[in-house]
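In: Any chance you could fold what I've pasted below:
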Amino acid sequence: MTLVLGDHNKGKRAHYDKAGVDHIGDYDCSIKYHSGKDNVVADVLSRKETKKRISIDFITKLPKTTSGCNTISVIVDGLTKSSHFLPIRETDKLDKLTRIYLKEIVTGHGVPISIVSDRDSRFTVHFWKSLHKALGTRLDMSNAYHFLTDGQSERTIQTLEDMVWACVIDFGSSWETHLPLVDFSYNNSYHTSIKVALFKELYGRKCRSRICWAEVGKSQLTSPELRHETTKNIVQIRNCMAASRDR
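Out: Residues are numbered from 1 along each chain as shown. The predicted structure follows:
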């Protein structure tokens with residue numbers, strides 16, 4: 001049995017539970033160190049840096065959907081580059097954007113230490129204040145606010161914008177209905193920059209989806225027609241992703 005550690009752990013003393021140490025002696029074990037570039041998933045998951053930093057951008061002037069949405073809020077995790085797409089209206093007030101962000105992002109990922117946006121810096125400051133007011137917490141702007149984003153996040157956002165626009169062109173005013181599939185397909189797809197799918201980087205494996213499974217036995221969660229339509233849409237979205245990467 002081999003215990004694999006990221007290379008940043010090399011030379012550091014590991015602390016184990018005594019009961020666990022006693023059991024290790026029962027096995028033929030060896031400890032090996034893999035560099036981050038050789039073991040991307042393990043390296044990312046074992047980083048000490050756990051403070052969330054996100055980038056927010058907005059794709060505007062989209063075809064208006066039946067619910068009135070004409071904008072997508074693109075949210076990118078600064079560490080993993082995983083992304084979320086939130087349909088909104090361009091005229092939505094900051095309080096509404098904050099409620100949407102709390103519901104869709106904070107409940108699943110926690111509160112980030114910094115939020116970066118390419119909009120006017122006043123937007124980011126007001127967003128932070130609105131967010132922390134909703135959470136009932138105090139905010140030290142000198143520690144939490146960073147004016148500059150990194151080039152990699154900017155490139156990620158540009159790629160996402162190209163991909164989303166390609167999907168909008170294909171789906172027209174029904175793009176909001178398909179946006180969750182765009183979100184899932186992007187995060188569950190292989191990315192050459194990290195040589196792994198984003199979901200696998202986050203969870204250690206790609207996410208499974210019964211939607212695209214063939215019917216097994218008598219039980220089924222969705223109708224064959226819905227599975228076929230969803231699978232077709234995912235293939236279409238992946239083609240849009242491939243086209244945007246080739247530009």
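
In: Show me the helices in the protein, by range?
Out: In the chain, the helices defined using DSSP state H lie at 18-24, 40-45, 94-101, 107-109, 121-135, 141-144, 151-171, 175-187, 198-203, 224-245.

In: residue ranges with poor pLDDT in this structure?
Out: Residues of the chain that meet the criterion pLDDT under 70 lie in 1-51, 118-120, 137-154, 205-247.

In: Could you rerun that using 90?
Out: Scanning the chain for pLDDT under 90 picks out the ranges 1-60, 74-84, 93-95, 97-98, 101-175, 177-247.

In: domains in it, as residue ranges please.
Out: As given by automatic domain parsing, the domain ranges for the chain are 2-45, 53-245.

In: what about Asp170, neighbour count?
Out: 15 (other C-beta atoms under 10 Å). All C-beta atoms are positioned from the backbone trio N, CA, C, and that covers glycine.

In: nearest spatial neighbour of Glu176, skipping sequence neighbours?
Out: Thr65 (4.2 Å; C-beta to C-beta, 6 or more residues apart in numbering).

In: Quick check: the one you found touching Leu179?
Out: No. When contacts are counted by C-beta atoms under 8 Å, Thr65 is not listed as touching Leu179 (9.5 Å).

In: Grab the nearest non-local neighbour of Cys69.
Out: Of all residues not flanking Cys69 in the chain, Pro87 sits nearest, at 4.2 Å (C-beta to C-beta, 6+ apart).

In: List the contacts of the one you found.
Out: By C-beta atoms under 8 Å, 6 or more residues apart in numbering, the residues touching Pro87 are Thr65, Ser67, Cys69, Thr71, Ile72, Glu176, Leu179.
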